[in-house]
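Undergrad: Mind looking at a prediction? Sequence and model below.
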Amino acid sequence: MSHGAEQVLEGQGGSDYERYIRTDELLVLQKGPEEWLHRDELLFTVTHQSSELWLKLAISEVTEALALLRSGRVQPALRLLTRVRMCIGYATIQLDMLEQMTPWDYQQVRKALGHGSGFDSPGFRGIRAVVPELGTAFFAMVDERDLALIDLFTGYEGHEDLYQLAEMLFDIDEAFMAWRDRHFRVVERTIGFNVRGTQGTPVEVIGGLRDRKFFPELWDIRSDLSNLADEIL
């Protein structure tokens, strides 16, 4: 849109873009220089606020995908779940920015956080609540077709949609594991290992969460397939 185009939306901002995106409100959600304890507070805040937005989108897409799966519509759900995987990937990549703070500079930023912790993230809590429901919907569909999981993976002809869904759930699980691992490495690099986080949680506890799985059955089936192949091949 050119600057000379007539603006038609109501609201705050000098253009329809600003009014629709609500930039006036969005860009005052971060502290200004007069409030900083350290200038890297802006880096820290923008990184985490961006992550919350990606997680908000992921939660919305999971919720819609669940409605589609419950009505038997796998292919449209897969398109939305691709977005979920991408959202988690973007949240993971953004963690690189936190390593642009020196460990000592982070200690200054940390003073402004109070007892704030990633465990309190609404997006993180929300995603942990809805993602397991994808597994429930998937296994309900497997049961409806009178399939065993091993059968789906050894003879998915005629059930390609369910096989693709299983692999997408695996992808999402793997993306979350990569996210948790990256977060742990950022924390370890920034504050160390044998210390505690802002809420007193030992860093090694955060490390222990890296391999937690939403869909353990989809990981176990790999071992089952290897054992089956040893028996029959």
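TA: Structure's in. What do you need?
Undergrad: what's the weakest-modelled helix or strand in this structure?
TA: One helix or strand of the chain scores below all others by mean pLDDT, DSSP states H and E: helix 203-208, with a mean of 73.
Undergrad: What's the first helix or strand after that helix?
TA: Later in the chain than helix 203-208, the nearest helix or strand by DSSP states H and E is helix 216-232.
Undergrad: That next one: how far from the chain's middle?
TA: Relative to the centre of its chain, helix 216-232 is centred 28 Å away, using Cα atoms, centre = their mean, to the nearest Å.
Undergrad: helices and strands around that helix, which ones?
TA: helix 149-154, helix 160-191 (3 or more Cβ pairs under 8 Å, 6 or more residues apart in numbering; DSSP states H and E). C-betas here are computed from N, CA, C, even on glycine.
Undergrad: buried residues in it?
TA: For helix 216-232, burial by neighbour count (16 or more other Cβ atoms under 10 Å) applies to 218, 221.
Undergrad: Show residues contacting that helix.
TA: Outside helix 216-232, the residues that touch it by Cβ atoms under 8 Å, 6 or more residues apart in numbering are 135, 139, 149, 150, 153, 154, 166, 169, 170, 173, 213.
Undergrad: out of those residues, who has the most neighbours?
TA: residue 166 (24 neighbours; other Cβ atoms under 10 Å).
Undergrad: list the contacts for that residue?
TA: 138, 149, 152, 153, 218.
Undergrad: Residue 171 and residue 84 touch, don't they?
TA: No. Using Cβ atoms under 8 Å, residue 171 is not in contact with residue 84, being 9.3 Å away.
Undergrad: So these two - more neighbours on which side?
TA: residue 84 (27 against 16).
Undergrad: tell me the secondary structure for that one?
TA: Here residue 84 takes the helix state, with states given by DSSP: H, G, I helix; E, B strand; the rest coil.
Undergrad: Name the nearest residue to the residue nearest to the spatial centre of the chain, sequence neighbours excluded.
TA: For the chain, the residue nearest the mean C-alpha position is residue 88 (3.4 Å; Cα atoms, centre = their mean). With sequence-adjacent residues excluded and distances taken as Cβ to Cβ, 6 or more residues apart in numbering, residue 88 is closest to residue 175, at 4.2 Å.
Undergrad: Over to residue 50?
TA: residue 94 (5.8 Å).
Undergrad: For the one you found, identify the helix or strand it belongs to.
TA: helix 74-94.
Undergrad: Give me the contact list for the next helix or strand after that helix.
TA: Downstream of helix 74-94, the next assigned helix or strand under DSSP H and E is helix 103-110. Under the criterion Cβ under 8 Å, 6+ apart, residues 37, 38, 40, 41, 44, 98, 101, 189, 190, 191, 198 lie in contact with helix 103-110.
Undergrad: Give me the buried subset of these.
TA: 38, 40, 41, 44, 98, 101, 190, 191.
Undergrad: from these, which two are the most distant?
TA: Within these, 41 and 191 form the most distant pair, 16.5 Å apart (Cβ to Cβ).
Undergrad: coming back round to it: and the residue nearest to the centre of the chain, what is it in contact with?
TA: 54, 58, 172, 175, 176, 178, 179.
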